[in-house]
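Asker: sequence plus the predicted model coming up.
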Amino acid sequence: MSLIQLLPDHIANQIAAGEVIQRPASVVKELMENAIDAGATKVDVNIKESGKSLIQVVDNGSGMSADDALLCFERHATSKVRKADDLFSLVTKGFRGEALASIAAIAHVEMRTKLADDATGTQINIEGSKVVNNTETVCPNGTSFEIKNLFYNVPARRNFLKSNKVEFRHIQDEFERVALAHSSIHFTLTHNDSEIYNLMPGVLRKRVVDVLGKKTNDRLVPIEESTDIVELNGFVLKPEYARKTRGEQFLFVNDRFFKSTYFNHAINKAFEGLLKERTYASYFLYLNVDPQKIDVNVHPTKTEIKFEEEKFIYSILLSSIRQALGKYNIAPTLDFERETSFDLPMDMKSKPVSEPVIKVNPDYNPFHSTSNRNTTSFSGGSSGKKSENFSQAITKHGFGTKEASSADWENFYTIDEAPEEEEPAPLIEDETSPGISQFLIKGNYIFTPTKSGLMVIHARRAYEQILYTDLISSFITNPLQSQVLLFPIEKELSKNELVAWESNAMMLKQLGFVGEVKEGELHLSAVPSVLQDETIQKALDRIVETIAHRDIEKGEIAHELVHSISKSASMKKMNLNSKEAVNDIIERLFQCENHAFTPGNKKIIDTLSLEGIDEKFR
Ligand code: ADP
Ligand code: MG
């Protein structure tokens, strides 16, 4: 006689139920997902006593025939997967055919279902996997489930349920996750006869606001990015509204909620330096990827998902969020009301990568042009030496003369003569004469007046940020433009550096570096076009350092490398001799979503407020 026996179905189902149905919230999730898979446009969830006495889910979806109505409670009964291949192109939530069998094994279930074409529907009652009633009935199109006495035959589970408050919190969490993933479906949630949610169909933003509250609307920062591998959209909350708990962190892939510590890391990285201590970023991010490139089969409750291209997606998350935050968070804190022409729309993506055009006027001499301009004068206080040339004044006051020829003095604004009164009068007029561009270049800095003070731009950093923004946005979709070197560069690298180069070869190629390892040396035949002469070596050193010696998350390498390239490329001497060149750099800086900080978080712009300047003269 054999010792091995097949388990009876009801016991097998009960065991399986342990995995799929942990608490009332699991039932809510499975039933809601089935409703969506059935094409419902309205789903009503009605709960009593946190699901301990009733879970009811009513949908207006396809409904089932009398035959299917019975079959759906069988284990591995599913209409969603027919052949093994289907597993790799899933677009439905369910596919295991386990949920209904599991629920039916551990509760009392009443189901009423009707196909739209049928005159009557079917009612099934099933208790502990036993069908106790199967009748024709009159009911609306779609399907309704009533689950009572959950875990009635699994006392261990029942006893482990938490307080009603905690269990309902779980239900609400599951409800929100499903509702947030399907903004075009009308969902309601009722608990003990009071309505918790009535979410009308609408666009994603509306759904997020309806779930999180009206106040959220102004706090959302949209995120949008589209690449071959992933489409990303959704919102993050501005950092100042970060929560003390991790509650509002939602990631979805192909409309399915999932959790990922890896992607969470990317998102937190994007928020780095912007969050108050012990607060967590809130986000609602939706990834769309080819279903073939994910594996949802890893976890029975399916909240962990494997991605084939996870490193790429990590980079996309990091870069798009960082850019969006730059635009929405940092920018408004700058006092920048200079000229409206700078409020250009952000259209970098359609623009080819190019360096700023810097034109040089060799004949230009700032010291010759001042005499025939209007009174460029310096307010010399009460001394009365009011006609002193501004450039001379600055030179005299110890700012050095070396860079004098590169300074665009002629365009510096006119400063009024200081009034006699004690009262500090405005140093800078609110209205500056239109048509005159007002820059002063000194060393690394561009000075320019704003409505309420003086803005100082670090020119090299500005250029670095411009390059970075250009490169990163084009890198996401295409390889960077590369130039073949006339004389290939041979570089001796350590063994470990060569290995690092080879293992990042694909990424480096995408960045425009073409090279091969020969006899322990790197032979580089092409480099990104933005690099020239001396900056090539600088970039190369930085890149080798980054890939071989720095401890960087894999997903961040692309960023770091683009950062290295833009930083090195910006190291060459800049010519800011013409108004056009300066204008160009400023305009392009303000087209960058993040124009306040470099990728290395160095300040690009500062403004000296009028009050601050007044302060210095007290
Ligand atoms: P799965 O969702 O993994 O296929 P389930 O046990 O959740 O497995 O459901 C089994 C089957 O029952 C589904 O494949 C579907 O055909 C049918 N079904 C379940 N719920 C509904 C519903 N609300 N409307 C229509 N059909 C449903
Ligand atoms: Mg299902």
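Answerer: Cool, got the structure. Ligands and ions are numbered 1, 2, ... in the order given.
Asker: and the protein, which of its residues are near ligand 1?
Answerer: 30, 34-35, 37-38, 59, 61-64, 72, 77-80, 94-101, 143 (Cβ under 6 Å from any ligand atom). Glycine gets a C-beta too; all of them are placed from N, C-alpha and C.
Asker: residues in contact with stretch 196-213: which ones?
Answerer: With Cβ atoms under 8 Å, 6 or more residues apart in numbering as the test, stretch 196-213 has contacts from 41, 172, 175-176, 179-180, 183-190, 216-217, 220, 222, 233-235, 248, 284, 286.
Asker: give me the buried entries from those residues.
Answerer: 172, 175-176, 179-180, 183, 185-190, 216, 220, 233-235, 248, 284, 286 (16 or more other Cβ atoms under 10 Å).
Asker: restricted to helices, list the contacts of stretch 196-213.
Answerer: Secondary structure from DSSP state H places Q172, F175, E176, A179, L180 of these in helices.
Asker: nearest to I15 among those residues?
Answerer: F175 (27.3 Å; Cβ to Cβ).
Asker: that closest one and A99, how far apart?
Answerer: 16 Å (Cβ to Cβ, to the nearest Å).
Asker: A helix includes E224, no?
Answerer: No: read with DSSP: H, G, I helix; E, B strand; the rest coil, E224 is strand and lies in no helix.
Asker: which residue comes closest to it once chain neighbours are left out?
Answerer: Among residues not flanking E224 along the chain, N233 sits closest, at 4.9 Å (Cβ to Cβ, 6 or more residues apart in numbering).
Asker: in strands, which of the buried ones among the contacts of stretch 196-213 appear?
Answerer: Using DSSP state E, H186, F187, T188, L189, T190, L220, N233, G234, F235, F284, Y286 are the members of the buried ones among the contacts of stretch 196-213 that sit in strands.
Asker: contacting residues for the second one?
Answerer: So that's F187. So, once contact is read as Cβ under 8 Å, 6+ apart, F187 ends up touching M32, K42, V43, D44, V45, F175, V178, A179, Y197, L199.
Asker: surely E304 touches F257?
Answerer: No: using Cβ atoms under 8 Å as the test, E304 is too far from F257 to be in contact (10.9 Å).
Asker: more crowded one of these two?
Answerer: Here E304 and F257 are compared on neighbour count by other Cβ atoms under 10 Å; more neighbours surround F257, at 20 against 13.
Asker: just say helix, strand or coil for the more buried one.
Answerer: Classification of F257 using three-state DSSP returns strand.
Asker: and for it, nearest residue in space, chain neighbours not counted?
Answerer: Leaving out its chain neighbours, the residue that sits closest to F257 by Cβ to Cβ, 6+ apart is R177, at 3.9 Å.
Asker: could you point out which element follows the helix or strand bottoming out on mean pLDDT in the chain?
Answerer: The least trusted helix or strand in the chain, going by mean pLDDT, DSSP states H and E, turns out to be helix 390-394, with a mean of 33. Next in sequence after helix 390-394, counting helices and strands by DSSP states H and E, comes strand 440-442.
Asker: how far away from the center of its chain is that next one?
Answerer: 37 Å (Cα atoms, centre = their mean, to the nearest Å).
Asker: average pLDDT across whatever helix or strand comes next after it?
Answerer: Using DSSP H and E, the helix or strand that follows strand 440-442 towards the C-terminus is strand 445-450. Per-residue pLDDT values across strand 445-450 average out to 82.
Asker: buried residues, strand 445-450. List them.
Answerer: Buried, per 16+ other Cβ under 10 Å, within strand 445-450: I446, F447, T448, P449, T450.
Asker: partner strands of that strand, with direction?
Answerer: Strand pairing for strand 445-450, using DSSP bridges, gives strand 440-442 (antiparallel), strand 453-458 (antiparallel).
Asker: next one: the longest one to chain centre, how far?
Answerer: Which is strand 453-458. 30 Å.
Asker: quick check: what element follows it along the chain?
Answerer: Counting by DSSP H and E, what follows strand 453-458 is helix 459-477.
Asker: kindly indicate whether the residue of the stretch 101-250 of the chain found nearest ligand 1 is helix, strand or coil.
Answerer: Proximity of the stretch 101-250 of the chain to ligand 1 (Cβ to the nearest ligand atom) peaks at T143, 3.7 Å away. Using three-state DSSP, the structure places T143 in strand.
Asker: got any ranges where the stretch 1-150 of the chain has weak pLDDT?
Answerer: Counting by pLDDT under 70, the ranges of the stretch 1-150 of the chain that qualify are 1, 16, 80-91, 93-96.
Asker: in it, which spans are helices?
Answerer: 9-20, 24-37, 66-71, 99-105 (DSSP state H, counting those that start in this stretch).
Asker: got the buried residues for the shortest one?
Answerer: What it means is helix 66-71. Using 16+ other Cβ under 10 Å as the test for burial, helix 66-71 gives A66, A69, L70.
Asker: R588 against L467, yeah?
Answerer: No: if you go by Cβ under 8 Å, R588 and L467 don't touch, sitting 9.7 Å apart.
Asker: the nearest residue to S319 once chain neighbours are set aside and M507, how far apart?
Answerer: Counting by Cβ to Cβ, 6+ apart, I472 is the residue found nearest to S319 once chain neighbours are left out, at 5.5 Å. Counting by Cβ to Cβ, the gap from I472 to M507 is 13 Å.
Asker: more neighbours: those two, which one.
Answerer: I472 (23 against 18).
Asker: closest to ligand 1 out of the buried residues of helix 66-71?
Answerer: A69 (8.7 Å).
Asker: what is the burial count for G51?
Answerer: Neighbouring residues of G51 were enumerated by other Cβ under 10 Å; the total is 26.
Asker: so it is in contact with A25, correct?
Answerer: Yes: applying Cβ under 8 Å, one finds G51 in contact with A25, separated by 7.1 Å.
Asker: can you tell me how far the nearest residue to G273 once chain neighbours are set aside is from E464?
Answerer: Excluding its sequence neighbours, the residue lying closest to G273 (Cβ to Cβ, 6+ apart) is N601, at 6.3 Å. Separation of N601 from E464 (Cβ to Cβ): 12 Å.
Asker: which of the two has more residues huddled nearby?
Answerer: Neighbour count, other Cβ under 10 Å: between N601 and E464, E464 has more, with 24 against 9.
Asker: quick check on the closest residue to the more buried one other than its chain neighbours: phi, psi?
Answerer: Using Cβ to Cβ, 6+ apart and skipping the chain neighbours, the partner closest in space to E464 is S570 (3.8 Å). Main-chain dihedrals, S570, degrees, to the nearest 10: phi -80, psi 0.
Asker: need the contact list for S570.
Answerer: Shown in contact with S570 (Cβ under 8 Å, 6+ apart): R460, R461, Y463, E464, L467.
Asker: per-residue confidence for it?
Answerer: 84.
Asker: isn't A242 right next to K276, touching?
Answerer: Yes: if you go by Cβ under 8 Å, A242 and K276 touch, sitting 6.6 Å apart.
Asker: which of these two has more neighbours?
Answerer: Using other Cβ under 10 Å, the more surrounded residue of A242 and K276 is A242, with 18 against 9.
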